[in-house]
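[1] Output the structure for:
(4 chains, ligands or ions: 4)
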Amino acid sequence: MTAVESTTARSLTYVEAIKEAITQSMREDPSIFLAGEDVALYGGVFGTSRGLLAEFGPERVVDTPISESGLVGMGVGAAATGLRPIIEIMFMDFIGVCMDEIVNQAAKMKYMFGGSARLPLTIRTMAGGGMNMAAQHSQSLEAWLCHVPGLKVVMPSGAYEAKGLLVAAIRDDNPVIVIEQKLMLGRPAEVPEELYEIELGKAHVVKPGSNFTIVALGRMVSESLKAAEVLSADGLDVEVIDPRTLQPLDTATIVDSLKKTHRAVVVHEAVRFGGLGAEIAAQMQEEGFDYLDAPVGRVGAPFAPVPFSPALEREYIPNADKIVAEVRRILGKQV
Amino acid sequence: MTAVESTTARSLTYVEAIKEAITQSMREDPSIFLAGEDVALYGGVFGTSRGLLAEFGPERVVDTPISESGLVGMGVGAAATGLRPIIEIMFMDFIGVCMDEIVNQAAKMKYMFGGSARLPLTIRTMAGGGMNMAAQHSQSLEAWLCHVPGLKVVMPSGAYEAKGLLVAAIRDDNPVIVIEQKLMLGRPAEVPEELYEIELGKAHVVKPGSNFTIVALGRMVSESLKAAEVLSADGLDVEVIDPRTLQPLDTATIVDSLKKTHRAVVVHEAVRFGGLGAEIAAQMQEEGFDYLDAPVGRVGAPFAPVPFSPALEREYIPNADKIVAEVRRILGKQV
Amino acid sequence: MPRRKSKVADGTNPPALTDDVLRDIFERMVRIRSFEEEAGKLMESGRIPGALHLYVGEEAVAAGVMVHLTDDDQITSTHRGHGHLVAKGGDLGRMYAELFGKAGGYCKGKGGSMHISDVEKGMLGANGIVGAGPPIAIGAAFSNKYRGTGNVTVCFFGDGASNEGTFHEAANMAALYGLPVIFLCENNGFGEYTRQDRHQAIRDVADRAAGYGMPGVVVDGMDAVAVYETAGEAIARARRGEGPTLVEAKTYRYFDHVGVRGMGVVYRDDSEVLEWRKRDPIDLLGSRLEELGVMTREQMDTLQERVLFEVREAIAFAEASPDPTPDQLLEDVYTVTAGAR
Amino acid sequence: MPRRKSKVADGTNPPALTDDVLRDIFERMVRIRSFEEEAGKLMESGRIPGALHLYVGEEAVAAGVMVHLTDDDQITSTHRGHGHLVAKGGDLGRMYAELFGKAGGYCKGKGGSMHISDVEKGMLGANGIVGAGPPIAIGAAFSNKYRGTGNVTVCFFGDGASNEGTFHEAANMAALYGLPVIFLCENNGFGEYTRQDRHQAIRDVADRAAGYGMPGVVVDGMDAVAVYETAGEAIARARRGEGPTLVEAKTYRYFDHVGVRGMGVVYRDDSEVLEWRKRDPIDLLGSRLEELGVMTREQMDTLQERVLFEVREAIAFAEASPDPTPDQLLEDVYTVTAGAR
Ligand SMILES: Cc1ncc(C[n+]2csc(CCOP(=O)(O)OP(=O)(O)O)c2C)c(N)n1
Ligand SMILES: Cc1ncc(C[n+]2csc(CCOP(=O)(O)OP(=O)(O)O)c2C)c(N)n1
Ligand SMILES: [Mg+2]
Ligand SMILES: [Mg+2]
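    Ligands and ions are numbered 1, 2, ... in the order given. Below you'll find the predicted structure:
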């Protein structure tokens, strides 16, 4: 089912949209619980679960010790035995301490068991830089997860997507990782009141355009829209695509765009080398080779850990300017 | 320094080559120690350290509890304080339980400290399938590590490379991950007796060719050579390139080849989606766009965990046949 | 969510040790032993691919615990998981078929020995990752508590696994939340080839319990009745809602870490194995049953024959089972979800 | 490898508690307090970007421990690391510069508060990952033992961090190998906003020591002399080659988890903070020094003024320090290695 956009939509921030998705889902389905560090009494360090403890009680909104392996593993065991857990890993950087539970347990259990396990598990985590939180609190590691068969991965680009994708993730019977980004927390958008979901595995053409394609992940969608505006002065009519779901990736929508525009750039906040942009570019050149007038460009972070200093982080994180520059560089490479 | 191939070379198996690299390095430099599960008394579950305990004693050849976080962290702390540890993670699949130590500690310490740390740490681990060890003992996860600034990653394609790259890794002042592959353990090659190193960051043209490029990782090099032979009957003169070091990647050698051959396929055992092949393909189309006569193809594992059954694993793992098929598919896509 | 009625071994006290229970335990042990010995032979004759970790010598633990559990009680297992599944009532044919990598196996051949599992019977999988069980076990226990089922989860893990951080995290959480879970450490004295005194500075893994705020108890893992009683108390305690217990069973594996005879590297003396074999768990219980007049030697022999017959039939079933076909390779990666409700 | 002569606080017994040592401890505490209070103000006025975890209230722990250490003894720290570095003799100017993200900072602005470090002084870094310290600490301790330096490593970690698996693994390995390391738990009663009784079922983290086979001891973390004595014994023990100790210091943080006043979510009563402030570690030691005639109030005031002056100078230094330039962005990712030898 796709999103219902017909009814009352108010302006909600990204945080509020996340909270609403959890709240409404929990009202609907008593098998859902939320667990994570400081999610209950404190309401989440980003405020995404403020008020939930009061409404649902400590059985369903569970503070955990600082034990991410235990936490994610608990989600796996609960999901395999009839519950529908939402597990919060506070910062995405912390998946390093629980990769095994995500990758060797959650992702593979169904396959290893020949299909007999069902794992309706949602893992939410906060990624991205821009808040001067340095190398261990700013990473974007979606490429790791997209490389793992058995996981689904979504990355909302705004409040509307945050709610709809999270609802879909919760309802999905597979482990789904929802990658939220801290720099969007307070950013508002129109969000329908009712419980809607955004279909997993479908990309969204955010802005149609005729002669250049930008595929942008998460927060980079809005930066790409800004870039598109700047580029329109160059006579470019840019199409901006938000994959929304990174795994399974909607290659068809992306390649269709390329067939129309003949030039493309992929954008993400993650390190460029080995980022998901590599996979998308590789697929584009493969599926759309005959249509390409220039190489597929990529914008991502340079090859360094995320620096702390605002003076450096500013240079580090991709933004509209860098997207514009990459698009122009690609135009210069046209055959 | 590049390898000295002039002196006495005997035939050594891959296992023996690894053991010799460790042994000779430890003789040369007393700050080197080896630690891992069952590396001492038992000599390593793959036999790569058999006999070392007797020669170097329990201070320098250290059995550890089954505690990979503790083990890798110990390597980090020891490397930061003047030693040159070689840490063995028995199977590559187990990096899931110690990713934080590898990625957030070892890789980033130097940068986070503004350069003041030096981390001469080598991590060896055994990757790959083909031995019916199923989903948690057969993975190839190099793409994760190559996406992390601060790590170097090497993947030897045979006994000669296993020794030379390991020696270089040990001597390097950075964290280097050496990805060995279990299916090559008993495979022999000519290996010089003396302590030589293979320069990190340099690809090797294993077989020169004029009209098709295959870039193959690790064990896939030998499969690619087989494929090249089959393809020569099609009139193809295939160039086979072994990057040897995956991070930093020697893009120049790869792109130079492409400029000559105009067509290429990248091959690895890892899952195709999001594998290092995506990055290599993306770079090739970017740097060599004007020279490409066809899209860059990729061979990798399909999108599933590694299955146990021989009947399935056989289908799963890339081999010469699949490489041949991909090359032919790419030829069919020529413009 | 409907609080479904589920099977709970009646209530909150361990069931009495009746003659039937004793026979039941004995039979489970015999089944494990036969299953594993035959599996070892099959491996040695090249008919089981991959890695095979056999449970021979440790039967009293699985049997003494499992007799307390119903199909709605879960266990998490280890790389050495066949014994657990046999004791939990696993189908021997589907088990051998899995070890062979056949389509008729528990995992359709996709899992093999290290992932053998029976979710219907609450066996949440052998596991190739040492220490992966405890976090999953507390999740199942959390689920039981949440759903109010009265069921428990038993988490089997080794002495070696007790050094993984996952055990620590799960134990702490279990005690904190008062979860109905039993941490059942099968201390066979080795993690692979490393003797316990070379992987931890303590003698009793049970000593770790106090650090989490739960009881810790040591039991003779060669004595099935002792295991039965100790595990029974811990399980009853969990069913009563009084939280987790760490039970450490001292046991021994007769065969090598992998396979039967291993790789020929010597890390223990044969005399040590012989010493332990003197207190073989099946012999011990057998003698006891005879003394108590619960079973005669003859009855035991008959049982053993019947079990061996079943094992042979199971092997025949497994051999007749077809290989999985290539089109199955990409199946079971995801669950197809109905979509929006 | 040459066994280099390194600085070891003389030998194997804790140094006597002389007047000089008492003054030294006091000064370290005052320096931490001033540094942190000013840092808090700077953050509130928007001059320190990112996350700032202040150490105010816990000064007795860092000071009472660090006075035993030389620059060749290492510590690993936490996200709350400034106090540790100040106590270990860190340069205040380079510290503030780092908090500001300036090129003159300890990490050239690349690390910030959570990665502040001084490898030369044996301060192996604050850390953004809770629980990351223990494995690194045992590595440093392993290195000291290997090189025969006689040096020790102190691993600071919180009550919250004691629930991470990394602590468990490192503690077990330290005890197994008899490493010269001290696990110094700063139990301030909270992991972020979660009170200890809601993150673990035990009261004393020190209770975990027995599970690894090392001594565990609890000390009043507001009493610098008590910390000095307890830590001193543990450190001397480690220097004597007798292995690790788990020392738990009960302490309290006055400010919020992040910053000074936090986000306005109430998770503890102000009265609780006031109650703890009555036993302020600086006041406690100050009164004691006065009673003992070691320092007069006047001398303390003078000291405080001098420290505040130094702090102001340090801030001025930091402010004058330039921002790092874009070309520095890609520096320090790798160490350039000389190549083959
Ligand atoms: C995370 C991880 N580390 C290491 C291994 C390799 N390994 C498999 S079994 C084993 C020993 C386990 O010892 P123990 O927990 O005592 O169980 P036992 O084999 O004695 O039954 C090891 C080290 C693994 N599978 N997973
Ligand atoms: C692996 C990891 N999980 C969670 C966090 C978020 N976090 C930062 S500090 C903290 C609390 C730490 O508590 P404690 O160890 O008691 O130290 P304290 O802050 O009380 O000094 C948490 C949960 C983190 N940084 N790393
Ligand atoms: Mg064992
Ligand atoms: Mg704390």
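
[2] Residue A:190 in helix, strand or coil?
    Three states are possible here, and by DSSP: H, G, I helix; E, B strand; the rest coil the one that applies to residue A:190 is strand.

[3] Okay, and the beta partners of it?
    With DSSP bridges applied, residue A:190 shows beta-bridge pairing to residue A:11.

[4] pretty sure it contacts residue A:9?
    Yes. Counting by CB atoms under 8 Å, residue A:190 sits close enough to residue A:9 to count as a contact (4.3 Å). Every residue, glycine included, has its C-beta placed from N, CA and C.

[5] more neighbours, the two?
    The residue with the greater number of neighbours, taking residue A:190 and residue A:9 and applying other CB atoms under 10 Å in any protein chain shown, is residue A:9; the counts read 16 against 13.

[6] for that one, what are its contacts?
    Applying CB atoms under 8 Å, 6 or more residues apart in numbering or on different chains, one finds that residue A:9 lies in contact with A:190, A:191, A:192, A:193.

[7] With distance to ligand 2 and pLDDT as extra columns, can I get these in TSV?
    What follows is those, written out as TSV (distance: CB to the nearest ligand atom, whole Å; pLDDT from 0 to 100):
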residue	distance to ligand 2	pLDDT
A:190	33	98
A:191	28	98
A:192	33	98
A:193	33	97
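
[8] Out of those residues, which is nearest to chain D?
    Set against chain D, the nearest of those by CB to the nearest CB is residue A:191 (23.4 Å).

[9] What residues does chain C have near chain B?
    Residues of chain C lying close to chain B (CB under 8 Å from any CB of the partner chain) are C:49-51, C:101-102, C:107, C:109-112, C:114-115, C:127-131, C:160-161, C:163-166, C:191-194, C:198-200, C:265, C:267, C:323-326, C:328-330, C:333.

[10] Strands - which of those residues land there?
    For the residues of chain C next to chain B, membership in strands holds for C:191, C:194, with DSSP state E as the criterion.

[11] Just the buried residues of the residues of chain C next to chain B.
    C:49-51, C:101-102, C:107, C:109-112, C:114-115, C:127-131, C:160-161, C:163-166, C:191-194, C:198-200, C:267, C:323-324, C:328-330, C:333 (16 or more other CB atoms under 10 Å in any protein chain shown).

[12] And stretch A:87-95, end to end?
    Between the start and the finish of stretch A:87-95 there is a gap of 12 Å, counting by CA to CA, to the nearest Å.

[13] Contacts for the helix ranked longest in chain A next, please.
    Longest among the helix segments of chain A by residue count, using DSSP state H, is helix A:14-28. The list of residues contacting helix A:14-28 from outside it, by CB under 8 Å, 6+ apart, reads A:12, A:32-34, A:46-52, A:55-56, A:60, A:86, A:124, A:156, A:158-160, A:162-164, A:166-167, A:170-171, A:180, A:184-189, A:191, A:194-195, C:341.

[14] Quick check: bridge partners of the closest residue to ligand 3 within the stretch 151-300 of chain C?
    With CB to the ion as the measure, residue C:158 is the residue of the stretch 151-300 of chain C nearest to ligand 3, at 3.6 Å. The residues listed as beta-bridge partners of residue C:158 by DSSP bridges are residue C:186.

[15] list the contacts for it?
    Each residue near residue C:158 by CB under 8 Å, 6+ apart is listed here: C:78, C:80, C:130, C:185, C:186, C:187, C:188, C:191.

[16] any idea how far the first one lies from ligand 1?
    According to CB to the nearest ligand atom, to the nearest Å, residue C:78 stands 6 Å off from ligand 1.

[17] Number of residues surrounding that residue?
    26.

[18] what does the stretch 101-250 of chain A put close to chain C?
    Where the stretch 101-250 of chain A comes near chain C, counting by CB under 8 Å from any CB, the residues are A:101, A:104-105, A:109-120, A:149-150, A:152, A:168, A:171-174, A:197, A:199.

[19] returning to that earlier point: could you look up the next helix or strand downstream of the longest helix of chain A?
    Next in sequence after helix A:14-28, counting helices and strands by DSSP states H and E, comes strand A:32-36.

[20] what mean pLDDT does the longest helix seen in chain C have?
    Counting by DSSP H, the longest helix found in chain C is helix C:19-44. Helix C:19-44 carries an average pLDDT of 98.

[21] Helix C:19-44 and the next helix or strand after that helix, what's the angle between them?
    Stepping forward along the backbone from helix C:19-44, the first helix or strand reached (DSSP H and E) is helix C:59-66. Comparing the axes of helix C:59-66 and helix C:19-44 via axes from the mean of the first three to the mean of the last three CA atoms, to 10 degrees yields an angle of 130 degrees.

[22] picking that back up, where helices are concerned, which of the residues of chain C next to chain B count?
    Secondary-structure check on these using DSSP H: residues within helices are C:165, C:166.

[23] Among the residues of the stretch 101-250 of chain A next to chain C, which lie within strands?
    Among those, DSSP E puts residue A:152 in strands.

[24] Break down chain A into its strands, ranges please.
    In chain order, chain A shows strands spanning A:9-13, A:32-36, A:61-63, A:84-91, A:122-127, A:152-154, A:176-181, A:188-192, A:204-207, A:212-216, A:238-242, A:245-247, A:264-271, A:297-301, with DSSP E as the criterion.

[25] Throw the ones you listed into TSV and include distance to ligand 4, thanks.
    Putting the strands of chain A into TSV (distance: least, CB to the ion, whole Å) gives the following:
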stretch	distance to ligand 4
strand A:9-13	30
strand A:32-36	18
strand A:61-63	14
strand A:84-91	15
strand A:122-127	21
strand A:152-154	33
strand A:176-181	26
strand A:188-192	35
strand A:204-207	43
strand A:212-216	40
strand A:238-242	40
strand A:245-247	36
strand A:264-271	31
strand A:297-301	32
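
[26] Name the residues of stretch A:91-105 that come out as buried.
    A:91-105.

[27] What angle do strand A:176-181 and the longest helix of chain A make with each other?
    Counting by the same axes, to 10 degrees, helix A:14-28 points 150 degrees away from the direction of strand A:176-181.

[28] pLDDT value on the residue of the stretch 201-335 of chain A at minimum distance from ligand 1, please?
    Nearest residue of the stretch 201-335 of chain A to ligand 1, counting by CB to the nearest ligand atom: residue A:274, 24.6 Å away. Looking at residue A:274, its pLDDT stands at 98.

[29] who's in contact with it?
    A:143, B:143, B:146, B:147, B:276, B:278, B:279.

[30] Let me know how buried the fifth one is, in neighbour terms.
    Residue B:276 has 31 neighbours, counted by other CB under 10 Å.

[31] burial of the closest residue to it other than its chain neighbours, as a residue count?
    Leaving out its chain neighbours, the residue that sits closest to residue B:276 by CB to CB, 6 or more residues apart in numbering or on different chains is residue B:143, at 4.9 Å. Using other CB under 10 Å, the number of residues around residue B:143 comes to 27.
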